[in-house]
Every structure is written in C-alpha cells, then in structure tokens.
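1. Dropping a prediction and its sequence here:
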Amino acid sequence: MRDLKQTLKTTKRVQLNRRKQKKKPLAWRKLLHRTLRVGVTIFSAVLLLVGGFFVTQLLLASDLFRVDNVVVQGSSHLKKQQVVALSDIEMGVNTFNLDLGLIGRKIEENPWVDDARVQRIFPRQVMIHIKERQPVAIVNLGFLYYLDDQGVIFKVLDATDNLDYPVVTGFDYAKAQSHKAEYAQQLRGVVGLLSNLSQRDLFSLDQISEVHFEADGGLSLYTLKGGVKIKLGSADYDRKLDRLERIYAELQPKLPLLDYIDLQVEEKVIVRIERSKQMAKS
C-alpha cells in the first residue's frame, strides 16, 4: 500500500509540473512583417527591371539620340572625312547602338593611326580622338617604308608621301617584318640617333642623307654634302658626335675630298683623305 501511495504522489507531482509549463505563442506578427518586407523588395526589383527595360526601349527608339555630328581631333595626315569613313559611323544612327571599342579598332587599321579613342557626347555627337604616327626616317627594305618615332616600320610609301627624311639602309626585309626583338631594339637605336642629331647645331639632322646599319650591328652616317661615311659603331653616340662637332667647322669645306671619318676610337677623330676630286660626290 505504501508503494501505491508513493506512486500516486509522484504521478501527481509530475502532472502538476506539466501544468506549470506554458507553451510559447508563435511570432506571427514578426513572421508577417518579414514576409511583407521580402515581398516588397522582390516587387520593387521586378518593377525596376521592367521600368529600365521600357526606358531603354524608349531611348533606343527616340530621335533625340540620333547622331548628327562626328568630331575628329588629332589628325594631320588623315582628313576628317577619311577618319569618319574608317569609323563606319552613319549619320542618324542611335548613339546607344554604337560599339565604341569596335569603331576605334577599325580606325586603327589605317597605318597612320597609332591609337584611336571614341566617345559619345550626348545627345547627338560622337568624338573621335586619334594619335597619328610621326615619321622620322624612310627605311629601304626593297620597298620604301616610313619609320616612326617609336622605331616602328608602319607604312609603304606612295606617290603622295613626303620624301624629305633621312634614308635608313642595311636592314633585312624578312627579319624586320618578323618583328624580332633584336631588330626592334636596333631600329629604336636609329631613332635615338636621329633624335640626338635633331637637337644639334653644328652637325645636325639636316646635314645627313643616310643612316646605315652595319653587319656588325653598328651604325654609320653619310653626309648630305659629299656623301662622306661617318663610322659611329654601336654605342656612345652623344660623346662621339660631340668630338666631331669640335672639328666639324674645319672639316666641312673638305668633305668632297674625304673617304670617311671614324669616331670609334676613344677620344679621337680619324679622317681618311684618299678620294680624288673626280671621285668625290658633289
């Protein structure tokens, strides 16, 4: 009997404890607010996408953004009409339909153009800014080519091109066209030498007719008067030309009689006089 009473007491305590535990109410209000926020966000995003789509279609169809003017800047050898023709931009096209990168690449296909940048000027204008190559010499590779100020051979000369540049000889056509790093460096050396000469007064760019690339990798110059060969070698052009300028006033009247001038020996100017007046070039 005691055991039964004890069991009944234990059962009552358990039942009382169960009655004391209260169930937590569900957070319906928070859940409703969260669902509402998510719904509003999704609806707003969809509305923006749909609105953006319709606005884009209106812009594409609008006459307000149809190109009626193309401005070209930076051209000197090429005329504006040539640049516009290279761009393939048609008047009346919607500015948003233009692929600016593709237009720039089309213009750069012309050998005179080093770089082309295209931009929209709203609402109806397109700006094309080009950087043209600047020729500094003519390279004889069987055909005559322009050499620009970066050491790049970029254009075969035609009847309309200016020939008033020094001629560069001694380079091989196949190697030059293969864009070998060694040849590229040597062509940049020619450009550096020409730049040096352009800044001088006594022996300047105006007094040479040819730059020759020698088989050993060195460079030689030929004077415009008398066609005298000036051996420079492959380095220290600035110091060598300084030595030449110190005595050039004395040498200049004798150029038709000189065979060559050698500047390759340190701190010396070697002059060879062997040509007769009949053999000398006028």
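-> Yep, that arrived. Numbers count the residues shown, from 1 in each chain.
2. quick one: pLDDT of the residue nearest to Lys175 when sequence neighbours are not counted?
-> Distances taken as Cβ to Cβ, 6 or more residues apart in numbering put Tyr183 closest to Lys175, at 5.2 Å, once the chain neighbours are dropped. Heads up, the C-betas are built off the backbone N, CA and C, glycines and all. You'll see Tyr183 listed with a pLDDT of 82.
3. so where's the stretch 151-282 of the chain uncertain?
-> 179, 275-282 (pLDDT under 70).
4. What segments of it are strands?
-> 153-156, 167-169, 208-213, 219-223, 229-233, 260-262, 270-272 (DSSP state E, counting those that start in this stretch).
5. And the contacts of the last one?
-> Strand 270-272 is touched from outside by Leu251, Leu258, Asp259, Tyr260, Ile261, Asp262, Leu263, with contacts defined as Cβ atoms under 8 Å, 6 or more residues apart in numbering.
6. got a markdown table for those, with distance to Arg243 and neighbour count too?
-> Below are these laid out as a markdown table (distance: Cβ to Cβ, whole Å; neighbours: other Cβ atoms under 10 Å):
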| residue | distance to Arg243 | neighbour count |
| --- | --- | --- |
| Leu251 | 12 | 16 |
| Leu258 | 16 | 20 |
| Asp259 | 18 | 14 |
| Tyr260 | 15 | 16 |
| Ile261 | 10 | 22 |
| Asp262 | 11 | 18 |
| Leu263 | 6 | 22 |
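7. Closest one of those to Val83?
-> Within the contacts of strand 270-272, proximity to Val83 (Cβ to Cβ) peaks at Leu263, which comes in at 44.7 Å.
8. State the distance from the nearest residue to the closest one once chain neighbours are set aside to Leu31.
-> Closest residue to Leu263 apart from its sequence neighbours, by Cβ to Cβ, 6+ apart: Lys240 at 4.0 Å. According to Cβ to Cβ, to the nearest Å, Lys240 and Leu31 sit 89 Å apart.
9. more crowded one of those two?
-> Neighbours were counted for Lys240 and for Leu31 using other Cβ atoms under 10 Å; Lys240 has more, 20 against 10.
10. Asn110 is in what secondary structure piece?
-> Asn110 belongs to no helix or strand when elements are defined using DSSP states H and E.
11. got the contact list for it?
-> Asn110 neighbours (Cβ under 8 Å, 6+ apart): Leu78, Gln82, Leu86.
12. What subset of those is buried?
-> Leu78, Leu86 (16 or more other Cβ atoms under 10 Å).
13. out of the contacts of Asn110, which one sits closest to Val38?
-> Closest to Val38, out of all of the contacts of Asn110 and judged by Cβ to Cβ, is Leu86, at 53.2 Å.
14. Right, I'll call it a day here.
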